[in-house]
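1. just the structure for this:
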Amino acid sequence: MKRSNWVLLILLAVVSLALAVACGSSSSTSGASSSQPVESVWTDPTTGLMWQNGSAVGSNVYTWAGAKDYCTELTWARYNGWRLPAISELRSLIRGCAATETGGPCGVTDLCWASSCDDAACHGCSEETGGPGLSGAYWPPQIADIPNYYWSSTTVADYEIYAWIVGFGDGDVEPNGLHGVSYGSVALCVRP
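-> The predicted structure is shown next:
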């Protein structure tokens, strides 16, 4: 092969590598380096809600008040205006567990948030990590986080020291004490 062909081949390889790097960094991130967690968002086409997404979402355990403060003060992927989701919004993310998906027989919704609304159907699916999400989570595969228990902003109407949480590892909906960090409850923030 002629020397000019080798030079052209090397130049083409360098340009291709530069384009690959440039295209790989054009996602909706905050410009973090590869050693930092990626901040991205995912908009649910069913609800139109924008959800916090990325590898650092479920990394901090909060009390309920701490989770609300975290979302309210959050700037994520250059967006502000985040909040802790209501229980129906959080349930709208459940996929693959018919009992607790939106419209399923679980009685806990924005219209019924008393302890009496918590029935057997709210206890999720018997098969842990059998959903379509990452690590078998019962949420959309586009969510890039580990399945965990996530706070909602909805308190239990007749026990206001509790708030509703969703466990995406088994798709369950249950109450959790506001001041505790049991179940490793974390925040997944939403914005309209």
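2. what residue is smack in the middle of the protein?
-> Compute the mean C-alpha point of the chain, and by Cα atoms, centre = their mean the closest residue is Leu188, 5.0 Å away.
3. and the gap between that residue and Ala77?
-> Noted for Leu188: a distance of 14 Å to Ala77, by Cβ to Cβ, to the nearest Å. All C-beta spots, glycine's among them, are computed from the backbone N, C-alpha and C.
4. so what sits against both of these two?
-> Common contact partners of Leu188 and Ala77 (Cβ atoms under 8 Å, 6 or more residues apart in numbering): Gln52.
5. show me the shaky parts of this protein.
-> The model of the chain has pLDDT under 70 over residues 1-37, 182-183.
6. and the helices in it, which stretches?
-> 3-24, 64-73, 87-91 (DSSP state H).
7. picking that back up, list the contacts of the residue nearest to the residue nearest to the centre of the chain when sequence neighbours are not counted.
-> Nearest residue to Leu188, sequence neighbours excluded (Cβ to Cβ, 6 or more residues apart in numbering): Tyr150, at 4.7 Å. Residues counted as contacts of Tyr150 (Cβ under 8 Å, 6+ apart) are Gly58, Leu90, Ile165, Val166, Gly167, Phe168, Ser185, Val186, Ala187, Leu188.
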